[in-house]
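In: Here you go, sequence then predicted model.
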Amino acid sequence: MQFEQRLREGLRDGSITVAFRRWRRVQVVAGHRYRTGAGLVLAESVQTISSADITSELASDAGFPDVQAALADLRGDPDLPLYCIRFRPVAGPDPRDQLASAADLTADDVQVISHRLARMDASSKRGPWTIAVLEQIAGQPAVSSALLAPELHWDRPDYKLHVRRLKALGLTISLDVGYRISPRGAAYLARRGDPAKRADS
């Protein structure tokens, strides 16, 4: 679930505990953990509400000064269901961040990553794409996906969706603008490109 930059610190320190979203179908499950861009939160409850249900207390819990500001910030088709999601911060590091920082890859690690990427390539209608995107991000850190996607003749939403799959493997890191290759991703590309390094010493 994506959160604006202004909300991330409040989500992390617990001063913001509510989010409002208009969705065609609910995209959050109570009891599941979600990344905010500044840590993890646990979704405690998900309820369908109307805009008239947004009280001053709810607006404050969502980080707004008043109800009018909360209503003005609602995005999406007004005819879509409106959801109120309650969160609480989860202590501890994001496991995905820990994975991304693990650059000491064994030959087995390289093989497992290669297998996962091959499966992603095989299941994509685009054909092989994983290495091209990894190398593109490695060569162009902090470049907006609005510029990266056209280079590969992709539309931007599809590009971002595919990069999230690489991030789930700990191979890329999202920035406020664009991405960068993670230490794990850089180590994988180096090991993949150097046969001498693929064997354990």
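Out: Received it, and whenever you're ready, just let me know what you need. Numbering: from 1, shown residues only.

In: From here on, just use CA atoms for contacts and neighbour counts.
Out: Fine.

In: So which bits of stretch 168-181 are buried?
Out: 169, 170, 171, 172, 173, 174, 178, 179, 180, 181 (16 or more other Cα atoms under 10 Å).

In: so for that stretch, what's the average pLDDT?
Out: Stretch 168-181 shows a mean pLDDT of 91.

In: so how far is it off the chain centroid?
Out: 9 Å (Cα atoms, centre = their mean, to the nearest Å).

In: same thing with stretch 97-112?
Out: 20 Å.

In: Nearest the geometric middle of this structure, what residue?
Out: In the chain, the C-alpha nearest the mean C-alpha coordinate belongs to residue 164, at 5.9 Å (Cα atoms, centre = their mean).

In: Just checking the distance from the host helix or strand of it to the centre of its chain.
Out: Assessed by DSSP states H and E, residue 164 sits inside helix 156-168. Helix 156-168 sits 9 Å away from the centroid of its parent chain (Cα atoms, centre = their mean).

In: which residues are contacting it?
Out: The contact list for helix 156-168 (Cα atoms under 8 Å, 6 or more residues apart in numbering) reads 96, 130, 133, 145, 146, 149, 150, 172, 173, 174.

In: Help me confirm that residue 49 comes into contact with residue 82.
Out: Yes. If you go by Cα atoms under 8 Å, residue 49 and residue 82 touch, sitting 5.7 Å apart.

In: So these two - more neighbours on which side?
Out: residue 82 (23 against 13; other Cα atoms under 10 Å).

In: contacting residues around the more buried one?
Out: Counting by Cα under 8 Å, 6+ apart, residue 82 has contacts 20, 21, 22, 23, 48, 49, 50, 51.

In: how far away is it from residue 44?
Out: The gap separating residue 82 from residue 44 is 17 Å, by Cα to Cα, to the nearest Å.
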